[in-house]
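Q: Build me a model from this:
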Amino acid sequence: MVRSKNGYYAVLLGPYATTDINSFKRDYRGQPLPPDAMLKIGTGYVETVWPPAAAGTVQTPTAALADQNLVLPGGKTWVQLASLLDLNRAIAVASRYAEQGSRVVRSNGGRYAVVLGPYETTGMNSFPSGYRGPPLPFYVLRNGTGYVETVWPPAAAPP
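A: Just a heads-up that it's a prediction; the model follows:
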């Protein structure tokens, strides 16, 4: 359960790879969902209130996800292929590069980044020489600042 900026509380499930609440409700196999259930990107929450954090700490949703440690040390970089609002489109792009270890990460702005890596690199010119896979029509190098969590593949291991 989380508290939002405006003081409301919400019970969260997920993340799930869907953009349609009706198909989600139809396919969901857990406890019955209330009629007012909705899909949210997950921004705007300021505190996790249950399960309770350790005594004397405040657990924010982003801090709870920081265990994935998507921010890389110097000399390592993510190769970001796309930044999309739609999770299903991001997964479709990432699927084309699955053999290269692609993943979809949610950013703190609510977008979904398709990334490869991490790779050892000293800059844009050094990356292509170590890459083996389909041509990359566009990419930028990122250290992971602003990446919140891996959402695809579901069991992706942190770097």
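
Q: Would you verify that residue 119 is located in a strand?
A: Yes - membership of residue 119 in a strand is supported by DSSP: H, G, I helix; E, B strand; the rest coil.

Q: was I right about it contacting residue 77?
A: Yes - counting by C-beta atoms under 8 Å, residue 119 touches residue 77, with 5.8 Å between them. Every C-beta, even on glycine, is put in place using the N, C-alpha and C of the backbone.

Q: So which of these two has more stuff around it?
A: Between residue 119 and residue 77, counted using other C-beta atoms under 10 Å, the more crowded position is residue 77 (24 against 17).

Q: Go ahead and confirm the more buried one touches residue 127.
A: Yes - shown here, residue 77 and residue 127 form a contact pair, counting by C-beta under 8 Å, at 7.4 Å.

Q: shared neighbours of those two, anything?
A: Among the neighbours of residue 77, those also in contact with residue 127 (C-beta atoms under 8 Å, 6 or more residues apart in numbering) are 119, 121, 141.

Q: Can you tell me which of those residues lies closest to residue 3?
A: Closest to residue 3 out of those is residue 141 (36.0 Å), distances taken as C-beta to C-beta.

Q: one step back: just send the shared contacts of residue 77 and residue 127 back as a markdown table, with distance to residue 109 too.
A: Formatted as a markdown table, the shared contacts of residue 77 and residue 127 follow (distance: C-beta to C-beta, whole Å):
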| residue | distance to residue 109 |
| --- | --- |
| 119 | 23 |
| 121 | 24 |
| 141 | 18 |
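
Q: Turn those residues into TSV, including pLDDT and distance to residue 26.
A: TSV is the format used below for the shared contacts of residue 77 and residue 127 (pLDDT from 0 to 100; distance: C-beta to C-beta, whole Å):
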residue	pLDDT	distance to residue 26
119	85	40
121	80	44
141	90	41
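
Q: What is the nearest of those to residue 31?
A: Nearest member of the shared contacts of residue 77 and residue 127 to residue 31, counting by C-beta to C-beta, is residue 119, at 42.3 Å.
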